[in-house]
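In: with the sequence up front, the predicted model follows.
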Amino acid sequence: MQVLNNGSVTLIEHMGGDQAVIRNARRCWRSESKSENADRQLLRHLIKAGHKTPFEAMTFTFDVKTPLFVARQWFRHRMGSFNEESLRYCVALRDYYIPQGLEGSLLEQWNKHNNVAFDFYEELVGQHKIVKEQARSVLPIGIYTNFYWTVNGSSLMNFLHLRLDRHAQYEIRVYAEAILELVKEVAPISFGEFEREVLNIGE
Ligand SMILES: Cc1cc2nc3c(=O)[nH]c(=O)nc-3n(C[C@H](O)[C@H](O)[C@H](O)COP(=O)(O)OP(=O)(O)OC[C@H]3O[C@@H](n4cnc5c(N)ncnc54)[C@H](O)[C@@H]3O)c2cc1C
């Protein structure tokens, strides 16, 4: 799913879904899945009561492309695993964030500023043989980075709760919105109830 001018988020793999959460939760009562309505009520109860561990039965891996300054906020979420493309080992691509609505001379200056930085970076790496891990210091924090994020359902709900909030920065909020859409397809009851109970959106 495209996010921002050149970013994206893709759900590349997942394990479990609503049924895994229901199964794990019902172990507490030595019961099994009943009607869809009863299961939905159970998940609603878990969310309201903060009984979060059954949601850890779901795991998601996302492929994310986002500006460095967004990744920096994202990586604060410790309950998950990240593997990021390294600018020690890979040459940075000329790919940077442009906020929507920039136009005219401001857009020109924005592009010029970024391109001057990339020209210098490429000169340092190419002509001067400066190691990539040092040369990267001249690049702006709006350049795009790529990482995989593996996270369980409970930690993902914490991320969504914090990053869908209106106080979160717009540029990470739009990723959280895209992720909520993606996981609702995989686990519609869990994330539908989460949306209803925690985010107060929906029915
Ligand atoms: C709007 C907004 C503004 C922010 N501004 C700033 C800022 O100005 N400066 C700044 O530094 N950060 C800032 N943050 C980051 C914030 O402080 C958290 O680091 C970030 O949101 C991750 O949240 P988390 O700890 O709940 O997530 P995770 O790290 O994924 O942790 C999940 C949960 O695990 C538990 N946990 C994890 N580690 C520990 C631990 N060591 N001890 C006890 N419990 C733990 C907690 O219950 C936690 O909620 C901001 C976040 C938001 C959403």
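Out: Nice, I can see it. Numbering: from 1, shown residues only.
In: get me the contact residues on the protein for the ligand.
Out: Contact residues, the chain versus the ligand (C-beta under 6 Å from any ligand atom): 76-79, 155, 158, 162, 167-168. (Glycine included, C-beta is placed from N, CA and C.)
In: ok, 5 Å please
Out: By the rule C-beta under 5 Å from any ligand atom, the part of the chain lying against the ligand is 76-79, 162, 167-168.
In: out of these, which are inside helices?
Out: Secondary structure defined by DSSP state H assigns L162 of the residues of the chain next to the ligand to helices.
In: which among the residues of the chain next to the ligand gets closest to F120?
Out: Here the nearest of those to F120, counting by C-beta to C-beta, is R76; it sits at 30.0 Å.
In: for the closest one, give me phi and psi.
Out: phi -70, psi -20 (degrees, to the nearest 10).
In: in contact with it, which residues?
Out: Listed by C-beta atoms under 8 Å, 6 or more residues apart in numbering, R76 has no contact partners.
In: where exactly do the helices run in the protein?
Out: Going by DSSP H, the chain shows helices at 18-26, 36-49, 68-74, 104-126, 132-135, 153-163, 170-186, 188-197.
In: could you dump those into TSV with mean neighbour count and mean pLDDT added?
Out: Shown next, in TSV, are the helices of the chain (neighbours: other C-beta atoms under 10 Å; pLDDT from 0 to 100):
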stretch	mean neighbour count	mean pLDDT
helix 18-26	19	96
helix 36-49	16	94
helix 68-74	19	98
helix 104-126	14	98
helix 132-135	15	98
helix 153-163	20	97
helix 170-186	18	98
helix 188-197	21	94
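In: out of these, which gets nearest to V3?
Out: Comparing these by C-beta to C-beta, helix 170-186 comes nearest, at 5.3 Å.
In: got the contact list for the closest residue in space to E171 that isn't next to it in sequence?
Out: Among residues not flanking E171 along the chain, V70 sits closest, at 5.1 Å (C-beta to C-beta, 6 or more residues apart in numbering). Contacts for V70 (C-beta under 8 Å, 6+ apart) come out as 7, 169, 171-172, 175.
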